[in-house]
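Undergrad: Would you be able to build a 3D model of this:
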Amino acid sequence: DSAETSPSVVFENIERCSPKCLQILLENISGLTVDADFTVELIPEINVAVATFIKSIDTKDFVEKCSQHKRVREFKMTARILESTQTIKAENLPDSISTDYLTVYFESVRNGGGPVSDVQLFPEENSAIITFSDHKGNT
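TA: Residues are numbered from 1 along each chain as shown. You can find the predicted model right below:
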């Protein structure tokens with residue numbers, strides 16, 4: 001079961017906590033180091049950050065620690081494990097990108113990919129929707 005748990009944790013309602021403050025807070029709670037042990041990606045459009053652990057940890061336990069942490073509660077943030085999905089959206093793609101290139105790129109194990117079942121290209125938005133054959137290949 002723990003092998004199937006996502007290595008990523010979503011933090012919602014992050015507007016009261018600066019990006020640097022969030023990184024330090026997560027280091028304090030996890031005992032790990034940003035960049036070496038985990039990364040933090042901010043998604044300001046939806047007021048969310050995603051921490052992805054490079055070092056193997058019990059993310060369920062980490063989420064529980066976060067939800068009980070005094071500062072997390074003061075900032076009114078919530079934490080939950082990032083659910084697996086079979087579809088992702090790639091944005092800011094170059095004009096010349098092809099569906100074949102995207103398929104090969106997202107199937108690359110080195111890039112954390114897996115078998116791709118479909119790629120829909122949206123040239124007017126410089127984006128694409130990539131659908132994986134199973135949810136294991138889209139970290």
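Undergrad: list the buried ones in the helix or strand of the chain with the lowest mean pLDDT?
TA: Least confident helix or strand, the chain: strand 87-90 with a mean of 90, by mean pLDDT, DSSP states H and E. Going by neighbour count (16 or more other CB atoms under 10 Å), the buried part of strand 87-90 is residue 90. No exception for glycine: its C-beta is placed from N, CA and C like everyone else's.
Undergrad: go on, stretch 82-96?
TA: For stretch 82-96, a neighbour-count test (16+ other CB under 10 Å) marks 82, 86, 90, 93 as buried.
Undergrad: Contact partners for the residue lying closest to the first one once chain neighbours are set aside?
TA: By the measure of CB to CB, 6 or more residues apart in numbering, the closest residue to residue 82 outside its immediate chain neighbours is residue 8, 3.8 Å from it. The contact partners of residue 8, by CB atoms under 8 Å, 6 or more residues apart in numbering, come to 50, 51, 52, 53, 59, 81, 82, 139.
Undergrad: and what of residue 83?
TA: residue 6 are the contacts of residue 83 under CB under 8 Å, 6+ apart.
Undergrad: what secondary structure does it sit in?
TA: Following DSSP: H, G, I helix; E, B strand; the rest coil, the label given to residue 83 is coil.
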